[in-house]
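Q: Okay, sequence plus prediction incoming.
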There are 2 protein chains.
Amino acid sequence: MVNKKCIIRLLRYKNALHRLNSLGFVKVFSDNLADAVGVTASQVRKDFSLFGICGNKRGGYQIEALLGKLNHILGKNEQQKVVIVGGGNIGAALMKYKGFEKEGVKIAACFDIDPAKYNHKEGDIPVLPLEQLRDFVRQNHIKIGVIAVPDIAAQQVLDLMLAAGIKGVLNFAPIRLRAASDCVINNVNLVLELETVIYFIINGLEKSIAEIHEEQKS
Amino acid sequence: MVNKKCIIRLLRYKNALHRLNSLGFVKVFSDNLADAVGVTASQVRKDFSLFGICGNKRGGYQIEALLGKLNHILGKNEQQKVVIVGGGNIGAALMKYKGFEKEGVKIAACFDIDPAKYNHKEGDIPVLPLEQLRDFVRQNHIKIGVIAVPDIAAQQVLDLMLAAGIKGVLNFAPIRLRAASDCVINNVNLVLELETVIYFIINGLEKSIAEIHEEQKS
DNA sequence: TAGATTGTTAATCGATTAACAATC
DNA sequence: TAGATTGTTAATCGATTAACAATC
């Protein structure tokens, strides 16, 4: 089934293939990819079959063709534009972080209610008044938003985003957001992530820590 | 089985109980907790039974006693000290973020190799030279670290941390870290989190988006 | 051809949920 | 007592892995 974990694997296959490609490799076997990403070869073939990706019996997969298909599925052929609401700690960190641009994700603008944060220096990501969110999102056909505001404001911000046309959200506020079922919400709770580490340190790993490693990111 | 997802549920039960407690409630049924956290009542009782937590047949659970047990399991009775390595975007955001303190997590210090970041203003979290990591961790008996350095430095930083006595790590660098099996590593890859949202927006939700919601954080 | 690898089906594994006896 | 809720066992569900026929 195509769930979040499956997509994360696809993204990792894509990254591994990119590395192999730039090393000059032309073809790859499910086995190699499995090693590179840390899953079984069965898993790799199963994932591909879910997306109708075929290789050559006995001949493995052509890396370039495979990369092309994965890039298409993952939306890597066009730049993906996102907006951030909240120019505080997390919002500012995300704006400065180089990792998004590398993956074809463009942070188009950030919105805040604090005039002290407004900024439109050449080259910088603009930080604009929240009132401009709606028009900006519509004019730029933006579908993805990041919520990086205090808990108390998060639901309101989500509602604004959805009204403006945003379809998917990465939410850093540690609250449960209510949204229509056709809206994708992915929550990242940094405190919770740290608290799980604390638990396993306090209580020892013997109670099967294997699962935390499952989260291994490529 | 006690895995990361189970611990996250426990943390949410704890949060929900805290709210109920401050509203003056004295007892709670598995049903109420299930509603509050968004799981089934069976799941709640199963989780509790895994940790040997018993209620009263017919009478539910005493909130205070239950909170006490969960706080104990989750290490909430003592303040948990952590260090951050990397005072860049993410490290700085984490230091300023108020959410950790509220949950009894104390960021004791941050370490960096860039002297421009060093700082020891009264009241601020000190940013110290990386060379001091080892002594600081040992003297303060710190077991938990956060890696917020560029990918290229992450493995080296992990090795330093482990050598200093750190047992568990929250890692923001998007690479696979190698560590002894008795070390807990929890990876958070912000780019990947956003990329999964992008996938589901591009390809529509019909392919079962249910699972991304599973990540709902309390 | 013989050998190796895919694609898919069946088996396994693990986690969640339902059911229900115990009992307050 | 009758009714409601727990704690636990059994059933279900879903995802991963193993196996193997197809085939290059």
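A: Structure received.
Q: element containing the residue nearest the centre of chain A?
A: Chain A has residue A:170 as the residue nearest its centroid, 8.0 Å off, counting by C-alpha atoms, centre = their mean. Per DSSP states H and E: residue A:170 is located in strand A:168-171.
Q: Walking through chain A, point out its strands one by one.
A: Ranges of strands within chain A are A:27-28, A:61-62, A:80-85, A:105-112, A:127-129, A:144-147, A:168-171, A:184-187, based on DSSP state E.
Q: Can you lay out the ones you listed as JSON lines showing distance to DNA strand D and mean pLDDT?
A: C-beta coordinates here come from the backbone N, C-alpha and C atoms, glycine included. Listed next are the strands of chain A as JSON lines, based on distance: least, C-beta to the nearest atom of the strand, whole Å; pLDDT from 0 to 100:
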{"stretch": "strand A:27-28", "distance to DNA strand D": "12", "mean pLDDT": "96"}
{"stretch": "strand A:61-62", "distance to DNA strand D": "12", "mean pLDDT": "97"}
{"stretch": "strand A:80-85", "distance to DNA strand D": "25", "mean pLDDT": "98"}
{"stretch": "strand A:105-112", "distance to DNA strand D": "25", "mean pLDDT": "97"}
{"stretch": "strand A:127-129", "distance to DNA strand D": "39", "mean pLDDT": "97"}
{"stretch": "strand A:144-147", "distance to DNA strand D": "23", "mean pLDDT": "98"}
{"stretch": "strand A:168-171", "distance to DNA strand D": "19", "mean pLDDT": "98"}
{"stretch": "strand A:184-187", "distance to DNA strand D": "16", "mean pLDDT": "96"}
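Q: Output those as CSV; include the columns distance to chain B.
A: Below are the strands of chain A laid out as CSV (distance: least, C-beta to the nearest C-beta, whole Å):
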stretch, distance to chain B
strand A:27-28, 18
strand A:61-62, 20
strand A:80-85, 5
strand A:105-112, 6
strand A:127-129, 15
strand A:144-147, 6
strand A:168-171, 4
strand A:184-187, 4
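Q: returning to that earlier point: quick one, what contacts the residue nearest to the centre of chain A?
A: For residue A:170, the contact set (C-beta atoms under 8 Å, 6 or more residues apart in numbering or on different chains) comprises A:144, A:145, A:146, A:147, A:186, A:188, B:193, B:194, B:197.
Q: repeat for residue A:47
A: Under the criterion of C-beta under 8 Å, 6+ apart, the neighbours of residue A:47 are A:6, A:9, A:10, A:13.
Q: so what's the last one scoring on pLDDT?
A: Going back to what we said before, that points to residue A:13. On pLDDT, residue A:13 comes in at 98.
Q: just to revisit the earlier point, so which of the contacts of residue A:170 wins on neighbours?
A: Within the contacts of residue A:170, residue A:146 tops the neighbour count with 30 neighbours, counted by other C-beta atoms under 10 Å in any protein chain shown.
Q: now the residue nearest to the centre of chain A: how far from residue A:117?
A: For residue A:170, the distance to residue A:117 equals 20 Å [C-beta to C-beta, to the nearest Å].
Q: Residue A:111: what's it in contact with?
A: So residue A:111 contacts A:83, A:84, A:85, A:86, A:87, A:127, A:128, A:129, A:130, A:132, A:133, A:136 (C-beta under 8 Å, 6+ apart).
Q: Could you list the low-pLDDT ranges of chain A?
A: Chain A contains residues with pLDDT under 70 at A:205-218.
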